[in-house]
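Engineer: any chance you could fold what I've pasted below:
(one chain, ligands or ions: 1)
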Amino acid sequence: MEMEPARREEEIVYVCARCGRELTPRDLALLHGVRCVYCGGRILYKTRSPRVKEVKAI
Ligand SMILES: [Zn+2]
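Structural biologist: Numbering: from 1, shown residues only. Sure, this is the predicted structure:
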């Protein structure tokens, strides 16, 4: 079994389906809910940060 590296919340970002901006969990925490801080959209896609390390499949 391989152990997955510790995941940080900062690695997870939300993308607004309305304006397409990226939101961090911190941004959402400020609003106390899932809502875009820019346009107020409530539809957010949960995704990972673009900063992904390249991993070669063995
Ligand atoms: Zn938005």
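
Engineer: quick one, helices of this protein?
Structural biologist: 25-31 (DSSP state H).

Engineer: tell me which parts of it are close to the ion?
Structural biologist: Counting by CB under 5 Å from the ion, the residues of the chain lying close to the ion are Cys16, Arg18, Cys19, Cys36, Tyr38, Cys39, Gly41. The C-beta positions use only the backbone N, C-alpha and C, and glycine is treated the same way.

Engineer: gap between the first one and Lys46?
Structural biologist: In this structure, Cys16 and Lys46 are separated by 11 Å, where distance is defined by CB to CB, to the nearest Å.

Engineer: so those two - more neighbours on which side?
Structural biologist: Neighbours around Cys16 and Lys46, counted as other CB atoms under 10 Å, are more numerous at Cys16. The numbers are 20 against 10.

Engineer: right, and that one touches Gly40 too?
Structural biologist: No. Applying CB atoms under 8 Å as the test, Cys16 and Gly40 come out as separate, 9.3 Å apart.
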